[in-house]
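[1] Compute the structure for the input listed below.
(chains A and B)
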Amino acid sequence: MTAPLLTTDGVSATYGDFQALFDITLQVHPGEIVTLIGANGAGKTTTLRVISGLVRPKSGTVCFLGEDISKIPPDEIVERGVSHVPEARQLFPYMSVEENLALGAYIGRARPKLKETMDEQFDFFPRLKERRKQLAGTLSGGEQQMVAIARALMAQPKLLLLDEPSLGLAPKVVEEVFEKIRQVGNSGVTVLLVEQNVVDGLSISDRGYVVENGVITLQGKAKELLANEHVRAAYLGL
Amino acid sequence: MERFFSALQAILNGVLTGSLYALIGMGMALIFGVMRIVNFAHGAFMMVGMYVTYLLFQGAGLNPYFGFIGSAMFLFLLGYLFYRGLLKPIRGRSDFMQILLTLGFGLILTDGIQLLFGADYHQINLPLLGKNLRLGSQISLNAPWLISFGIALMLGALLYFFVMHTMLGRAARAIAQNRYAAPLMGINVDRVQALSFGIGVAAAGVAGGLLLPVFYLYPTVGDQFTLKAFVMVVLGGMGSIQGAAMAGLVLGVVENLTSLYWGNEWALAVDFVIFLSVLSLRPSGIFGSQRV
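    Numbering: from 1, shown residues only, chains lettered A, B, ... in the order given. Okay, here's the model as predicted:
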């Protein structure tokens, strides 16, 4: 197997006195779609926040392309090729769709190609093209999620972190969003996904990790996890 | 007819005054929008701008209509360093500490200037000062005010363009609208905030330079402008720079009309009646709630 694109090695993280992560070790290989599943508050979001530099790990390292990124600031991590689509979209509500996308290409590496990448994103998300002048805060939930993904792709990342993209969306829209994520993965972008929607998340993934109370308790191929007794009982109610 | 012209004259004078208020308010709104900080040193920064322009005039004979550029550059630097050196270390602490810090720094500026240059009133005499542009037989506009108005209008438009249409301005608005998401775009939040603070304070410095030909200069001259700038930020919708600019014009006109009908001493009081009414009846401001 090729060298991993991302490795977290023994990462722990705390919020004040509360320890959110214990010894999280995971790998993501180039071209994979990997999903972290787990209950609310299990530490999935914190794991993504450690990778993108928003939370500093208390111990352990985060390696991206073979270099330790656990001590560099979030804006430089974006520059190196990691884009993070945060939970609940976090758009710039009083800016148009176009301006949100333009901000995605803020970093020096992406800025000169802003026009081309924006056209690419509008081809990929035709609905956003129709709404390009509309304020992001006035879009539907599904459209906002598309903007959040397109905005992250504007930075031309090697690794895309996606936090609960299905949150608060109607089932039909969820399907649409996951289809887009699958296509992003097929286009060569590596994806690390966090989902409570276990079936949809794992069904587009190559591999998965189960996070419980800040610890990785299970890992394996997505198909195996979907068939696993514990996963079926705890997350699928079967 | 007489009454109509005196009112019209007051309104026009108000627009001229208001254009300088607008610059001051836009600077304060930019800082408030991007940092959620009420810069209680804003008027003191403006006062420093007046002294810089004054010294350039007295020392080098530089006309204030060019000297304001020096004032803007000096204040940009001062604001940038103030953010880096003092404000940044206490970011994330309570609002109260940030209020005390800006308030305290304003006092240091005011008293520092008093220590260096004394508390005397100064005024510069430009030959332009007595010149007026006559419109018909009833209306006349004072030349230095008109020039200041023209420059303020240009720079206000430039500042607006900068904030709305450049990548750096966009980054500043991104921070204002969603501080959590901004670093995920690769925005170096500290750098953009330091630059925004510098630019916001430089706008006050420009206004100070432009006020010099038509105003008395003394160390506490900025105090009333801090309060006015705060009023403008609230009227304009808490961080909207176009809102603050509009509010500046409104304030200028209202003050001049108040002076005309009730007397000069009521002008500031009326500002605060408007301020309190808006704050209690329409806290999102009178020009909508859209932020920076």
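
[2] and B:Leu128, what pLDDT?
    Looking at B:Leu128, its pLDDT is 85.

[3] Would you mind confirming that it is in contact with B:Ser148?
    No: the pair B:Leu128 and B:Ser148 fails to qualify as a contact (Cβ atoms under 8 Å) at a distance of 10.7 Å. (Glycine included, C-beta is placed from N, CA and C.)

[4] and for the two, which residues touch both?
    B:Pro213 (Cβ atoms under 8 Å, 6 or more residues apart in numbering or on different chains).

[5] Of those two, which one has the most company?
    Comparing B:Leu128 with B:Ser148 by other Cβ atoms under 10 Å in any protein chain shown, the one with more neighbours is B:Ser148, at 27 against 16.

[6] so that one makes contact with B:Gly208?
    No: counting by Cβ under 8 Å, B:Ser148 sits too far from B:Gly208 to count as a contact (11.0 Å).

[7] Tell me which stretches of chain A form strands.
    Assigned by DSSP state E, the strands in chain A fall at A:6-15, A:18-28, A:33-37, A:59-64, A:67-68, A:82-85, A:159-163, A:190-195, A:207-212, A:215-221.

[8] Which of the ones you listed sits closest to B:Met1?
    strand A:82-85 (65.9 Å; Cβ to Cβ).

[9] returning to what we had before: burial-wise, tell me which of the strands of chain A comes out on top.
    strand A:82-85 (a mean of 28; mean count of other Cβ atoms under 10 Å in any protein chain shown).

[10] quick one: is that strand near chain B?
    Yes: Strand A:82-85 is in contact with chain B by Cβ under 8 Å from any Cβ of the partner chain, via A:Ser83, A:His84.

[11] now swap in stretch A:183-203 and tell me
    No: using Cβ under 8 Å from any Cβ, stretch A:183-203 never reaches chain B; the gap is at least 14.4 Å.

[12] For that stretch, measure first residue to last.
    Stretch A:183-203 has an end-to-end distance of 13 Å (Cα to Cα, to the nearest Å).

[13] list the contacts for A:Gly104?
    A:Ser83, A:Ala110, A:Ala150, A:Arg151, A:Ala152, A:Leu153, A:Met154, A:Ala155, B:Met185.

[14] low pLDDT regions in chain A?
    A:1 (pLDDT under 70).

[15] need the helices for it, in chain order.
    If DSSP state H is used as the criterion, the helices of chain A fall at A:44-51, A:74-80, A:97-104, A:114-124, A:126-130, A:141-153, A:171-186, A:198-203, A:222-227, A:229-235.

[16] next one: chain B
    Using DSSP H, helices in chain B cover B:2-35, B:42-60, B:64-82, B:95-117, B:143-165, B:167-177, B:189-211, B:223-235, B:241-261, B:267-281.

[17] just these: most buried one?
    For those, the largest average neighbour count (mean count of other Cβ under 10 Å) is found in helix B:189-211, namely a mean of 27.

[18] Just want the angle from that one to helix B:223-235.
    Between helix B:189-211 and helix B:223-235, the angle comes out at 120 degrees (axes from the mean of the first three to the mean of the last three Cα atoms, to 10 degrees).

[19] Taking their axis directions, helix B:189-211 and helix B:143-165 sit at what angle?
    Put simply, helix B:189-211 runs at 160 degrees to helix B:143-165, going by the same axes, to 10 degrees.

[20] Direction-wise, compare helix B:189-211 with helix B:42-60 and give the angle.
    Going by the same axes, to 10 degrees, helix B:189-211 makes 60 degrees with helix B:42-60.

[21] Just give me how far helix B:189-211 sits from the chain centre.
    Put simply, helix B:189-211 sits 10 Å off its chain's centre (Cα atoms, centre = their mean, to the nearest Å).

[22] by contact count, what packs against it?
    For helix B:189-211, the elements it packs on are helix B:2-35, helix B:42-60, helix B:64-82, helix B:143-165, helix B:167-177, helix B:223-235, judged by 3 or more Cβ pairs under 8 Å, 6 or more residues apart in numbering or on different chains; DSSP states H and E.

[23] what does chain A put close to chain B?
    A:52-54, A:73-76, A:78-79, A:83-84, A:86, A:90-95, A:99, A:102-104, A:106-107, A:111, A:151-152, A:155.

[24] Throw together a ChimeraX command that grabs the buried residues out of the residues you listed.
    What follows is the ChimeraX syntax selecting those of the residues of chain A next to chain B that are buried according to 16 or more other Cβ atoms under 10 Å in any protein chain shown:
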select /A:52,53,54,73,74,75,78,79,83,84,86,90,91,92,93,94,95,99,102,103,104,106,107,151,152,155
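
[25] Residues of the stretch 151-292 of chain B that sit close to chain A?
    So far as Cβ under 8 Å from any Cβ goes, the stretch 151-292 of chain B lies against chain A at B:167, B:170-171, B:173-174, B:177-178, B:180-181, B:183-189, B:290-291.

[26] mind redoing it with 6 Å?
    B:174, B:177-178, B:180-181, B:183-188, B:290-291 (Cβ under 6 Å from any Cβ of the partner chain).

[27] Reformat the helices and strands packed on helix B:189-211 as JSON lines; add mean pLDDT and distance to A:Glu175.
    Shown next, in JSON lines, are those (pLDDT from 0 to 100; distance: least, Cβ to Cβ, whole Å):
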{"stretch": "helix B:2-35", "mean pLDDT": "95", "distance to A:Glu175": "39"}
{"stretch": "helix B:42-60", "mean pLDDT": "97", "distance to A:Glu175": "52"}
{"stretch": "helix B:64-82", "mean pLDDT": "98", "distance to A:Glu175": "50"}
{"stretch": "helix B:143-165", "mean pLDDT": "96", "distance to A:Glu175": "38"}
{"stretch": "helix B:167-177", "mean pLDDT": "96", "distance to A:Glu175": "30"}
{"stretch": "helix B:223-235", "mean pLDDT": "94", "distance to A:Glu175": "46"}
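
[28] Could I get those helices in TSV, plus columns for distance to A:Thr7?
    Converted to TSV, the helices and strands packed on helix B:189-211 look like this (distance: least, Cβ to Cβ, whole Å):
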stretch	distance to A:Thr7
helix B:2-35	36
helix B:42-60	49
helix B:64-82	39
helix B:143-165	41
helix B:167-177	31
helix B:223-235	48
